Structure formats: C-alpha cells, structure tokens
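Peer 1: model the following, please.
(one chain, ligands or ions: 1)
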Amino acid sequence: MATLAETARALVSNRRGILAADESIGTMSSRLESVGVPPTDENRRVYRELIVTTPELSDSVSGIILADDTLRQRLSDGRSFPAALANLGILAGIKVDTGAKPLAGAPDEKVTEGLDGLRERVKEYVSLGATFAKWRAVFSIGSELPSERSVRANVHALARYAGLCQEGGLVPIVEPEVLMDGAHSLAECQQVTRAVLRSLFDELALMQVDLDGMILKPNMVVAGKDCPEQPAVEEAAQTTVDTLRDTVPPSVPGIAFLSGGQSPELATRHLGAMQNCGELPWELTYSFGRALVGPALETWRGDDGNWEAAQRALSVRAVANAAAR
Ligand code: 5MM
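Peer 2: A predicted model of the protein is given here:
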C-alpha cells in the first residue's frame, strides 16, 4: 500500500494532472441543463462515464476527483467508478466538503462546511476505493473583502479537513480559491492570494498536517474578470510563481491549479508559461474542472452520436495541458 507521500507524488508526476469531475448535484444539474440535457441521476452518471472512458486519458490524467454520488455509481459494464479508474491506472478522489455556506456575521462571505462526521466518511471513502480527497474554500475580493474572519474560518476548516484525511489514509487536496469575480487588478489578486496562503500554511502547521502528503490546489494569480487591464500571459504566470515562492514550503510535492472560469486555452497557456519561470521546488500541474471538461460537455449535449467527438474534445484539452507541463 502506497504511503501518503507516494500517492501525493504520483498525482503530480510524469507530466500528468488531476481532473475535477466532482461537481455537486446542483452544479452538475445546471451544467447539464445549460446544454439541454435533463439533470437526472442517470444523465449525471452517463456524462461521468463519458469522461472516464475517454481513450488514453491516463496518459495525461493521474487522478479524477469524484462527487459522493459518482463514487457509488457504476459504469454500464457494471464496474464501480473507482474500480474502473483503478483498471485504467487513474487514482480515484472524493470531494468531502459539503459546500460553501453563508458565514455568520459576514453577509457577503462563505465558509465551507463538512467537518462533522468526516472521520467516519473518510473511512467509508477509503473502503470504496478513494485514495485522495478534496475540500474547496472560496474567497471574494471586494471592498474590505475577504475579511479576516472569513480567511481564518476557512483556513481552520481546510487544516482540520487535511488532518482528518491524513489520519484516515487519504491525501488531502487543499483548495483555497480566490475568486476571479470582480474588477480587481492583478496586484490585488496577488495581495489577497498571498495573505490567504500565508494564513493557510500557518494553520496547516498548527494542525500538524504533513506537507509532503498533501497537494495544494490554488487559483492562478490573475486580474478579475471585469478588470479593464488584463495582464499578459507571462506577467500573470510570473506573478503566480512569485506569490507561491513567497508562501508555499518546498516540502509540498505539488501544486495543481484550478482554472476558476478562465477559458480552457488561457488556463493552459498560463500553466505552460509558469514552467519557464525558473527552478521550482514543487511540481506545477493542473486540477482543472471546466477548463478540461467544458468543451466535451458542449460537444456531447446528451446525444450518443456525439460521444466520440466529446471524448476527443476532452482528450485535446488533457493532452494540451500535459504538453504545457
Ligand atoms: C468541478 O467543480 C468542483 C466542485 O464544485 P461545486 O462543489 O461548487 O459543485 C470545484 O471545486 C472544482 O474542483 C474547482 O473549482 C476547480 O474547477 P475549475 O472549473 O475552477 O477548474
């Protein structure tokens, strides 16, 4: 049985990355509806089957993060999703948070929940075949945001989640996402990302989380979606790497970025440009959701006749990201 450090390294090595297919039922339902597919249990299952059976996916994808419902579903050939992934040489992950909920006393901010009963859920997820986990916290940039209390509440939960996962044998993917919504500048995103990561690593140390047995999944440092001055790819890449050098200890084996609403092509270009920012102590890879599967979903639209074309669309993004590494 692999150690946590071995599993963490396996997730980020050989130019591979992690595919995030762990949309909650609500998010997945709206994504299906947006392409005209009725949001049923069966359609969610079929769509996830399309993803995991994409030919040669394991050449560029080391692990797939699943949601609780998918972990318990089966492919049409009867295999469970974790069993099918194991056959392909892809590790199965599980999203264990229960979502970002309004934070008391902070009307515009959220705290991610899911710690109650997590020790028992981790045990069950291990028995179902999961080897790693994910928890996402979100931070908005705005006037006086994020507040100190939202940062502290969220990094506390992230660190307790990571500790519980490691205790139970799952590699935690720790995801603090500074959102792209808004008109903030690149410099403002850098300042907030730096503050969140500093606070996060203080809390991980306090909770005695083993850094070599975890993966960090941060946002790239980019300007807000509505900012009139969008930085060049090289500038955003260099700023991201500088921010990570300031905050992420070298014992973390890998940093796997979320895409956060960037176009698939731009997310890939940023990832590629970061590989030219000098010697780095950690592997830099991808853990994209929308930037990997968005084109496939748009192509599929629930039509069996589009199945292979949709898988090709996913393959194109996966291969491009592996190449960018
Ligand atoms: C796939 O989406 C994940 C789960 O979202 P919800 O719980 O809100 O439904 C999400 O955490 C995702 O893993 C990350 O945001 C990365 O995805 P993107 O699309 O930002 O690369």
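Peer 1: show me where this protein has its strands.
Peer 2: Along the chain, the segments classed as strands by DSSP state E run 17-21, 61-66, 91-95, 100-103, 106-112, 132-139, 171-178, 215-216, 254-257, 283-286.
Peer 1: out of those strands, which is closest to D41?
Peer 2: strand 61-66 (14.3 Å; CB to CB). Every C-beta, even on glycine, is put in place using the N, C-alpha and C of the backbone.
Peer 1: mind listing what the closest one pairs with, with the direction of each?
Peer 2: strand 17-21 (parallel), strand 91-95 (parallel) (DSSP bridges).
Peer 1: for the helix or strand bottoming out on mean pLDDT in the chain, packing partners?
Peer 2: When each helix and strand of the chain is scored by mean pLDDT, DSSP states H and E, strand 106-112 comes last, with a mean of 95. When contacts are defined as 3 or more CB pairs under 8 Å, 6 or more residues apart in numbering; DSSP states H and E, strand 106-112 packs onto strand 100-103, strand 132-139, helix 148-168.
Peer 1: quick one: which of those is nearest D226?
Peer 2: Per CB to CB, nearest to D226 of the helices and strands packed on strand 106-112: strand 132-139, 17.1 Å.
Peer 1: residue of the stretch 101-250 of the chain nearest the ligand, please.
Peer 2: R136 (4.1 Å; CB to the nearest ligand atom).
Peer 1: and the residue of the stretch 201-325 of the chain found nearest the ligand, what is it in contact with?
Peer 2: Closest residue of the stretch 201-325 of the chain to the ligand, CB to the nearest ligand atom: G289 (2.9 Å). Residues near G289 by CB atoms under 8 Å, 6 or more residues apart in numbering: L19, A20, A21, D22, E23, L258, S259.
Peer 1: for G294, which non-adjacent residue is spatially closest?
Peer 2: In space, and not counting its chain neighbours, G294 is closest to P264: 6.0 Å by CB to CB, 6 or more residues apart in numbering.
Peer 1: next: V252.
Peer 2: Per CB to CB, 6+ apart, closest to V252 is L211, 5.0 Å.
Peer 1: so how far is V248 from the one you found?
Peer 2: 9 Å (CB to CB, to the nearest Å).
Peer 1: please apply the same query to N219.
Peer 2: N219 is 13 Å from V248, by CB to CB.
Peer 1: surely Y161 is in contact with P172?
Peer 2: Yes. The criterion here is CB atoms under 8 Å, and Y161 meets it with P172 at 6.3 Å.
Peer 1: who touches both of these two?
Peer 2: Shared contacts of Y161 and P172, counting by CB under 8 Å, 6+ apart, come down to A133, W135.
Peer 1: the two: who's more crowded?
Peer 2: Counted by other CB atoms under 10 Å, Y161 and P172 do not tie: P172 has more neighbours, with 30 against 27.
Peer 1: okay, now Q311: neighbour count?
Peer 2: When neighbours are counted by other CB under 10 Å, Q311 registers 20.
Peer 1: oh, I was asking about E109
Peer 2: E109: 22 neighbours (other CB under 10 Å).
Peer 1: right, and the residue nearest to V252 touches P172 too?
Peer 2: No. L211 lies out of contact with P172 (CB under 8 Å); the separation is 10.7 Å.
Peer 1: contact residues of the stretch 201-325 of the chain facing the ligand?
Peer 2: L258, S259, G260, F288, G289, R290, A291 (CB under 6 Å from any ligand atom).
Peer 1: closest to S30 out of those?
Peer 2: Nearest to S30 among these, with distances taken as CB to CB, is R290, at 12.3 Å.
Peer 1: list the contacts for that closest one?
Peer 2: Contact analysis of R290 by CB under 8 Å, 6+ apart lists S259, G261, P264.
Peer 1: from those residues, which ones fall inside helices?
Peer 2: Counted as lying in helices by DSSP state H, out of the contacts of R290, are P264.
Peer 1: of the contacts of R290 - the most surrounded one?
Peer 2: Using other CB under 10 Å as the neighbour test, the contacts of R290 are led by S259, with 25 neighbours.
Peer 1: quick one: that one and V293 touch, right?
Peer 2: No. Using CB under 8 Å as the test, S259 is too far from V293 to be in contact (10.2 Å).
Peer 1: residue contacts, the nearest residue to D226 once chain neighbours are set aside?
Peer 2: The shortest distance from D226 to any non-neighbouring residue, by CB to CB, 6+ apart, is to A183 (4.1 Å). A183 sits next to G224, D226, C227, P228 when contact means CB under 8 Å, 6+ apart.
Peer 1: give me the neighbour count for Q190.
Peer 2: Using other CB under 10 Å: Q190 sits among 21 other residues.
Peer 1: am I right that it is in contact with V222?
Peer 2: No. Q190 is beyond contact range of V222, at 9.6 Å (criterion: CB under 8 Å).
Peer 1: so T98 touches G114, yeah?
Peer 2: Yes. T98 lies in contact with G114 (CB under 8 Å); the separation is 3.9 Å.
Peer 1: ok, back up a step: any chance of the helices and strands packed on strand 106-112 in TSV, with mean pLDDT and distance to E42 too?
Peer 2: Shown next, in TSV, are the helices and strands packed on strand 106-112 (pLDDT from 0 to 100; distance: least, CB to CB, whole Å):
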stretch	mean pLDDT	distance to E42
strand 100-103	98	28
strand 132-139	98	25
helix 148-168	98	30
